[in-house]
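Visitor: Structure, please.
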Amino acid sequence: MHKSLRPIFDRLQKSMVELLEEIKDQPDSVLNERPENGGWSVLQVIYHLVLVEEASLAYVKKKLSFGEEIPEAGIKQTMRAKYLNSFIRMPLKVKAPERVDESQMPKDIRFWEALKKWKDNRAELEEFLDQMPDKFLKTELYKHGLVGKLTPKNMLIFFELHFKRHRKQINKVLKEVKYVV
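Guide: As a prediction, the model looks like this:
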């Protein structure tokens, strides 16, 4: 993996492990409990994070499979990345795209199944990044649904900010449900 990507990937891994360590001893019934005011349960939020990363990697792999020239990133990509980074930090409620929303989740999510799926996806992402030629680092390889084309590094930064945003949501849900410390 290119040295510019490794620290971001490692932070993603650390964040995932810390969250999973914190909730691993909770029964699925608690982790599947939705807040009284509506919204997703802890496991639904986690599953959403998994789906986003899975769909993103699938898009990047598919794009590379076409064998076509991928445009170099420029000032427009930089502006899109800045916009996304600012937008995701705002406390606005955003409806998830259909391919990563509740309709794509199992009705009854099991913690250990979600954990396995997330770890498998992360291993696949790491393997992909390890094998990705450096020539793709500054290309518009990734496409975000809101802002458009971004570099692989900006994809990882999005994953990190997306996780942080949803980590706050998870913390809020944990306060509302019968979370046992």
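
Visitor: those helices in this structure, which residues are they?
Guide: 6-23, 28-31, 42-65, 75-89, 111-131, 152-176 (DSSP state H).

Visitor: out of those helices, which comes closest to G145?
Guide: helix 42-65 (9.2 Å; C-beta to C-beta). Using the backbone N, CA and C atoms, a C-beta is placed for each residue, glycine as well.

Visitor: Run the angle between the closest one and helix 111-131 for me.
Guide: 30 degrees (axes from the mean of the first three to the mean of the last three C-alpha atoms, to 10 degrees).

Visitor: relative orientation of helix 42-65 and helix 6-23 in degrees?
Guide: Relative orientation of helix 42-65 versus helix 6-23 (the same axes, to 10 degrees): 150 degrees.

Visitor: Next, the buried residues of helix 42-65.
Guide: Neighbour counts over helix 42-65 (16 or more other C-beta atoms under 10 Å) mark 42-54, 56-57, 59-60, 63 as buried.

Visitor: can you count the residues close to K14?
Guide: Using other C-beta atoms under 10 Å, K14 has 10 other residues around it.

Visitor: From N121, how far out is it?
Guide: Using C-beta to C-beta, to the nearest Å, one obtains 16 Å as the distance from K14 to N121.

Visitor: Over to I8?
Guide: In this structure, I8 and N121 are 16 Å apart, going by C-beta to C-beta.

Visitor: And for V30?
Guide: Distance from V30 to N121, by C-beta to C-beta: 24 Å.

Visitor: can you check R99 too?
Guide: R99 sits 15 Å away from N121, going by C-beta to C-beta.

Visitor: and what of K135?
Guide: Between K135 and N121 the distance is 25 Å, computed by C-beta to C-beta.

Visitor: Count residues in the vicinity of A81, would you?
Guide: Residues contacting A81 under the criterion other C-beta under 10 Å number 21.

Visitor: in the protein, which ranges drop under the pLDDT threshold?
Guide: 178-181 (pLDDT under 70).

Visitor: re the thing from before, of K135 and N121, who's got more company?
Guide: Between K135 and N121, N121 has the larger neighbour count (other C-beta under 10 Å), namely 19 against 9.

Visitor: show me the contacts for that one.
Guide: Residues in contact with N121 (C-beta atoms under 8 Å, 6 or more residues apart in numbering) are V50, E53, E54, L57.

Visitor: how about 10 Å then?
Guide: Residues in contact with N121 (C-beta atoms under 10 Å, 6 or more residues apart in numbering) are L49, V50, L51, V52, E53, E54, S56, L57, A58.
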